[in-house]
Structure formats: structure tokens, C-alpha cells
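Novice: Need a 3D model of the sequence below.
(2 chains)
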2 protein chains.
Amino acid sequence: MNKSSDLRIACVMVGLPARGKTYIAYKVSRYLAWLGIKTQIFSVGNYRRKLVGLNLPHAFFDSHNTEGVKKRREAAACALNDMITWFEKDDGTVGIFDATNSSKKTRAWINETLAARNIQVLFIESVCDDDDIILCNIKDVKLSSPDYSERDPDEATEDFMKRIKHYEETYETVTEENLTYIKLVNVGSQYIINMIRGYLESRIVYYLMNLHTRPKRIWFSRHGESLFNLEDKIGGDAGLSPRGEQYALKLPELVRQNIGDRPLTVWTSSMTRTIQTARHLDFPKKQWKALDELDTGVCDGMTYDEIEAKYPDDFARRDEDKFNYRYRGGESYRDLVLRLEPVIMDLERHENILIISHQATIRCMYAYFMGLSHEQLPYARIPLHTIIELKPKAFSCEEKLYHIDVGSVDTYRPKGQTARKLKDDKLVSNIPVSSEGASGEIVDSNNAPILPIKSIGIARTNTC
Amino acid sequence: MNKSSDLRIACVMVGLPARGKTYIAYKVSRYLAWLGIKTQIFSVGNYRRKLVGLNLPHAFFDSHNTEGVKKRREAAACALNDMITWFEKDDGTVGIFDATNSSKKTRAWINETLAARNIQVLFIESVCDDDDIILCNIKDVKLSSPDYSERDPDEATEDFMKRIKHYEETYETVTEENLTYIKLVNVGSQYIINMIRGYLESRIVYYLMNLHTRPKRIWFSRHGESLFNLEDKIGGDAGLSPRGEQYALKLPELVRQNIGDRPLTVWTSSMTRTIQTARHLDFPKKQWKALDELDTGVCDGMTYDEIEAKYPDDFARRDEDKFNYRYRGGESYRDLVLRLEPVIMDLERHENILIISHQATIRCMYAYFMGLSHEQLPYARIPLHTIIELKPKAFSCEEKLYHIDVGSVDTYRPKGQTARKLKDDKLVSNIPVSSEGASGEIVDSNNAPILPIKSIGIARTNTC
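Specialist: Sure thing, here's the model as predicted:
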């Protein structure tokens, strides 16, 4: 009955080469997929490379090169057709059409073609006249593109600059009053927003306005071991166990060693165990109710054994679809993602935030940055007594773990209904990551690597 | 320890007369106050009227009128000084400076004066070249201004148009690249946003982008009487009582009679009792977890008597400060306001929404539209088996109540710790509002009017 299910939006990128269009497309698609909105990117560059191969000289992109123009049009038409098919056959909600789309004529064609199929069109233009940013973008991103594989970097840069020149000759910035668009000027210094109507369009626009490209890091830590952890109970608002207290005491030194002198802000949930964990840290603090642990409703304060005995059907249903399972009178991971959305938005705006929160909430935020699917998300491994450092890059996210050895944490059991009751000392102490912060692997209790920690889309499916 | 407590933002309005500046100022101040942010409007027009009186001819506003220019500058300086004093002495967070501020010189003066005092400045310009909208605004709002008291409407309109002409002669739209601003063009058709940095600035900008001025109505209804209501218990996820079922059955007819043929959308919470209440309504529906009732934590499923016996201190503390009291392991009204913020944002975008939700959640949303303070909010009376219709106007909100007589609802007790256990049949059946929808009064159980229902800022403090 939800009317918004008919909704189909095409985000059509506009901009000269090296203006961050693909980065924006990637961020928007990550964000929407995290929210549970079916999203796909259609990159005309990929279609063109399939059609005419790699390593094309800049002359191919000259608007006087009839053959080049023809091939590029063909690639665009192919990509657009595939996107339309995806909307119509695969029930897509947001398609992102990534190309320069640099003339009014091209945009009118796209707009008419899509509007005729009842697909709303949101043009997203990135404008940049700061040569340093453009050059930086070319060196960081473009030279590693398949277009320049096996080319000398200086020569490739020169060729790419010439390619941009060809586009500049005919480029028309978006001014069409009848189009829905957002124009991003010089990476966030100005936005022009025209004729935005719907809710989802407005969400996308707001998200774009919160993006910035300044380098940043985010650190996550669960609270120290709690008294409920000791008793194997879920939920509640217990304080820290003696071992949890030890973690809280050692945290400032771990932060000093690994986070250094950055101007840090600490966000905690409103629950006792995260506030206690943060209390020796001498930084500005903010409590977020939105960071509270997943509400387990009627199961609050119970052990997994008790839940299995009292609600065997629920226990099984949660196992089948952990992301969507909502505790009676409580929340699902899906609910949690919506609750955490303002936190993510705020995280995108900020640099250097340490979040002390809970297993399920950190799983959701971690999944956003690492691009985990809804199937993977509820199984992400977020060990106790460990800081997870994330360093978002243009198309990836670097991860490091810093572990504090506060003796064995032997009563911790991962949340989740298929929980294999692993001893936490085995789980955590096997993470071969020193406090110096080298990247490493997570291994399970018999020392086999689960999945290497790498820079993008890490899928650390564990057994909890 | 919250760093944002030093934050001071001045929203400085910019625009020709009759461009909706005061409306925007009013909406922003309502929204921020609802969120708990200390906000005040400083209207230069009011200072000018105090300084030189009412009923000034348009010639006063001629830029060649040296005396007029001097007096207007004096009024602006007074207002600005008062705003600065308010920031510094009264710990204000957002001051809204309402005036035309139509020259670059004036804006530079304001910007420098405030920046020197570490107050961030956000210029909000409203630009409109649609004569119909301007004339409409003059007739709806300006003619009732103190400036035109006791003047013939046609003559007043003519004078006002001449006043606008004087401003137009010297008006400079905001293009200053170094200023933080949002420019609203033709009531939402375009926005230009420059140099927005902080989180709160970005919230204000997003709010402005969600505002529209199309006429709309919002209807609120609590769920029908639930089985928990019968047992005097709070929280839980009970279904409807037989009387609640009757309400659900009669709801479609009440909606048909009073809401008519409008294209309605129904929003419910994710709880059984609201979904059951909505189930006979043949409209598109959307479930919002954010509309769920206030989480009463450890008190879930208890009666007020049980809470008083088990947690006497909490019971007393809630009484002292009901807005801020957070149930152990649950929520406060303050938490609820934050949870409902995305719903309010979505309500601002939409027309014709019927919300079937709960007492505490409706109180929060009702308070937003009616401008209730945080002290009044938790005591707003939201009777069972009644639809509340709100019709937002420029500077007010009209309210009507439609009651369904489904027999006495004799076990309902208002939530809240000081609940006087009134019989609900007395409470509800005394609302003298017919299903034809005439405005009326709410009277308490001995027939004394509590407070008249009027169009703005209704403060229906009740005894629950």
C-alpha cells in the first residue's frame, strides 16, 4: 500500500571530466543501498570502453571527430536503455547515469526519454574551476582508470588535460529552468537547487550537501564489557564489569597513542555502559539517544537460551532474516539503520569522531562505510575492547583495529540467534593487530583467517 | 562538555517587502524552539514603529528621504544591539534578524559586527518576481500589519506597492561570495546555497528547503481504545478493545464526511493498535517506526499505581519535569521530539496526511504546529476516538476536533504521572464539536472550559 513503491528516480550526472562525478555517484549509491533503496550506477565510460576498447587518445573525444561522437552516442544510448530496462524489469528505484552529459541537447534527450517512462530525473552537476582540485583528482583517480592502463603518468595527465579541453569547447552548464537539478560548485562551497519536489529527491540533495572531501577518520569502540555481558543477558542498562572498567581506564592511552593530537570529539549513546567507558577521555562529548543499542523489546534482559525456550519461533525467524527481524515490541536492524541515518549524515560532515556505542549500532555504521549488504550487516564482527579505525578514501575505506589486552573477556557471546558460543578471549586475542596500528587479519578461534581486512567492501561474515 | 553549546547563529533575513521574510523567520523560530534551541526574532519593523510611530506614508521609505533613512538605520542598530545583548547575556543560540537588509553595505556591516563577536551569520534571502504571489502576500499579511491599521485596503495596497518601489530602486540581491547564505527563489522553485559549514546551519537550510506554502491540512487520531487501556497499563503492543474496534469501523465514514475527497495518505506507527485502527481506511498507507509510542522502558506494561509503588522517586521526578524525564531504559518527550523530527520534515513537504499514532507522539507533533512550549507539550490533551484537524496558516494554525461517539470509553486514563483519573466518557463527550466540524471548546469534567480552541498557540494544559 505504500505509494512510494512506484517511485523511480534517475540521477543524471553532469560535469566536465575530473569533477568528481563518479565519486558522487558512488557515494549516493552506497548511501541509498544502505537505506535499503535499490540503486545501480550505469557508467557510460564502461559502455564506451566495451564498444571501442581502452587507451583511446584524446583526439577520440574531439567534438569534430565524427566517428568518436557517433561511438560515444552509441555507448550513451546503450547505457540509458539498460537503465530503463533495469527500472522496468528489475524494479529499480534509483538509477545513476554517470557521464558528462555536457550539452543541453543531450540533457533534453535524456529528460524526455525518461519522463515518457514515468521516471523522475534529477540532474546532479559538479562544477569546479579550481585547478588544484582538478589536477589532484586526475592524479588520484583518473590515472588508475582502465583508460590509462600502462601509460606514463605525465603523458597520461597531459592527454587527459587535452581530453578535458575538448569537452570544454562545447560544455554548457545546467541552467534549464524546467529541469530538476542540483549544481555543486567547487566541492561544497555553493549549491544551486532547482525544482526539487519529492521526498527522496530532497533526501539525496540533503545528502549531497553534507558530503565533503576533506580527509577524515572515524573511530568506533563498543563499551567495555558490561555486567550483563557477564551474565550472558542482552539489552538492559547495566554498568561495566571490572574488566570493562579496566578497558575504560586504558582507553585514553590507546587513543593518545593511535589517534594522536587530532581535535577529537567523543560521541556516546545515552546508556550507562558507553558513558562509563568514555568517562576518562578528556575530549568534548556528545550523547546521542540514536546510538543506543538495538531495542530487544520483550526479550530485554533475557539470555539467548531463555529467548530460545520462550520464543522458539521468533528465534528461528530471526535466524532466517536477521536484518529484517524485529524483536516483539522492539527493533530490527532495518529500524536501526533509519534511526542511525542522522548520525551518518552528521558523520559525513565531521572529521575525527570517536564513537563509543554498541554492537548492533556499530554494525550498521560500519556497514555504511564498508559497503556491507543487508545480509552481511548483522553478522559484521565488532569485537569488544577494540577500537576500529576507518579512513574513508574516494572509492574505498581503510580499516585498522587497535586492541587493548585487558585479560581474557571470557563470558562475551556475540549477539544474534545463531550465536556459536565462542570464548571471547580466543576471538579477540587472535587479532594480530598491534597498538601501533598495522593492518592485519581477523582469524577465528582455530586460527584460520575469516577474511582479510582490506580497504574496500570487507565482508567479515562471522558466525554470530 | 557539548562543544555545540558555544554555538551562536544569526539568521539575517534579506528581501524586498512582501517576500515572506517574516513568515520564514516565524517558521524557523517555531521549528528551532520545538527542537529545544533557544531562538528569538528581532524585527526591525517593530523597532521602527516604536521609534517613529504607525501609519507612515510610503515617502518615509524613499531612499532620498534623509530623515527616513536615518531613523531606519537607528531602528536597525537598536535591533542589532538588542540581539547581540540577547546572545551574550541570555545565552541565545539562534537570533533571527528580520529586515530588508537590501544593500551589500548593510549586509557587510551586519556581518562584520556579528563576526567580531563570534556569532556566525547565515543570510536568508527570499526573492520573488511573481506578481500574483506578491499581491497575495500584501493582501493576506501586510494590510493587517500595524503600519496600515485604519487604512482603506485599496489605498493601503497602493501605498505599499509604492513602498516596495522605493526599496527596488536600491535593492541588491545577495551575490557576496564570502557570505554564508541561502537564497530562496519564487517560493521553493530554486535555492542557492553558499558556504554553509556547520551542522545547525545545514539543518536550518534543509528545513527551509522543505517548506512550502501550498494550502494543506493534517489530521491526527490516536489509535482506538486498546486492551491495555482497559487494564490501565502503559506501553505494550496490545490490540484494540471492542470499543476500539468500533472506532476503527466508524473511522472511514468520519473521514469521508469531514476530510472529503482529498487525495489522502494514512501514516500509522508500527504498533498493532494503530495498524488495526487504520485497517478499514481505503487509502495508501505508510508505517513509520518513528511514530511508535514513547518507550516507557522498565515501566512497559505496568499501571501507574504499580510504577508509583515500584519507582516512587522516578514518579516524582517525572512530575517535576515531564518533558525531560526519561523512563529507565526508555525515552523522554525530548527524545521523542528528536525521533519525530524527520516526520515533521516530511509533513512540511506533504499535503493531506492522516496520522494514526499515540498520545505522546501526537502531543509532540501537535506542539510543533500549535507552538506549545516544552512545559505545555506533555500536557496537551489528545482525546481518544477523536480526529484533530490542523490547518496551518501563515502565522497561526486552525484547529477542529471531530469526535466519534462510540459509547463511553470509561477506562481510559490520561498518561502522565500526575494523572487525575478522570472518566474518559466525561472528558471526551464534553467536547462540543459536531462532525460538521465547527470549532469549539474543550471543557473539563465539571463543564468549565479549560481553554478555548483558537487559531494560534493554543495551550490546552490539562490535568493528566
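Novice: What number of residues are in the vicinity of the single nearest residue of the stretch 351-464 of chain A relative to chain B?
Specialist: Across the stretch 351-464 of chain A, the shortest distance to chain B (C-beta to the nearest C-beta) belongs to A:Ile353, at 11.5 Å. The C-beta positions use only the backbone N, C-alpha and C, and glycine is treated the same way. The number of residues packed near A:Ile353 is 19, by other C-beta atoms under 10 Å in any protein chain shown.
Novice: That one against A:Trp267, yeah?
Specialist: Yes: assessed by C-beta atoms under 8 Å, A:Ile353 is found in contact with A:Trp267 at 6.0 Å.
Novice: Those residues of the stretch 51-200 of chain A touching chain B, which are they?
Specialist: A:Ser189, A:Gln190, A:Tyr191, A:Ile192, A:Ile193, A:Asn194, A:Met195, A:Ile196, A:Tyr199 (C-beta under 8 Å from any C-beta of the partner chain).
Novice: so can I have CSV of the residues you listed showing secondary structure, pLDDT and neighbour count?
Specialist: Formatted as CSV, these follow (DSSP: H, G, I helix; E, B strand; the rest coil; pLDDT from 0 to 100; neighbours: other C-beta atoms under 10 Å in any protein chain shown):
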residue, secondary structure, pLDDT, neighbour count
A:Ser189, coil, 92, 15
A:Gln190, strand, 95, 17
A:Tyr191, strand, 96, 20
A:Ile192, strand, 96, 21
A:Ile193, strand, 96, 26
A:Asn194, strand, 96, 20
A:Met195, coil, 93, 16
A:Ile196, coil, 91, 22
A:Tyr199, helix, 84, 16
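Novice: and those residues as JSON lines, adding distance to B:His166?
Specialist: As requested, those are exported to JSON lines (distance: C-beta to C-beta, whole Å):
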{"residue": "A:Ser189", "distance to B:His166": "34"}
{"residue": "A:Gln190", "distance to B:His166": "31"}
{"residue": "A:Tyr191", "distance to B:His166": "33"}
{"residue": "A:Ile192", "distance to B:His166": "30"}
{"residue": "A:Ile193", "distance to B:His166": "31"}
{"residue": "A:Asn194", "distance to B:His166": "31"}
{"residue": "A:Met195", "distance to B:His166": "32"}
{"residue": "A:Ile196", "distance to B:His166": "34"}
{"residue": "A:Tyr199", "distance to B:His166": "41"}
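Novice: which stretches of chain A have low pLDDT?
Specialist: Under the criterion pLDDT under 70, the flagged ranges of chain A are A:1-5, A:407-464.
Novice: how about the helix ranked longest in it as CSV, C-alpha atoms only?
Specialist: Identified as the longest helix of chain A according to DSSP state H is helix A:66-89. In CSV, the C-alpha atoms belonging to helix A:66-89 read as follows (Å, rounded to 0.1, in the frame of the first residue of the first chain):
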residue,chain,number,x,y,z
THR,A,66,32.6,12.3,-36.2
GLU,A,67,33.4,8.7,-35.6
GLY,A,68,34.2,9.4,-31.9
VAL,A,69,31.0,11.4,-31.4
LYS,A,70,29.0,8.5,-33.0
LYS,A,71,30.5,5.9,-30.8
ARG,A,72,30.1,7.9,-27.7
ARG,A,73,26.4,8.5,-28.5
GLU,A,74,26.0,4.8,-29.1
ALA,A,75,27.5,4.0,-25.7
ALA,A,76,25.2,6.5,-24.0
ALA,A,77,22.1,5.1,-25.7
CYS,A,78,23.1,1.6,-24.7
ALA,A,79,23.6,2.6,-21.1
LEU,A,80,20.3,4.5,-21.0
ASN,A,81,18.5,1.6,-22.5
ASP,A,82,20.0,-0.8,-19.9
MET,A,83,19.0,1.6,-17.1
ILE,A,84,15.4,1.8,-18.4
THR,A,85,15.2,-2.0,-18.6
TRP,A,86,16.6,-2.2,-15.1
PHE,A,87,13.8,0.2,-13.8
GLU,A,88,11.1,-1.7,-15.6
LYS,A,89,12.2,-5.4,-15.3
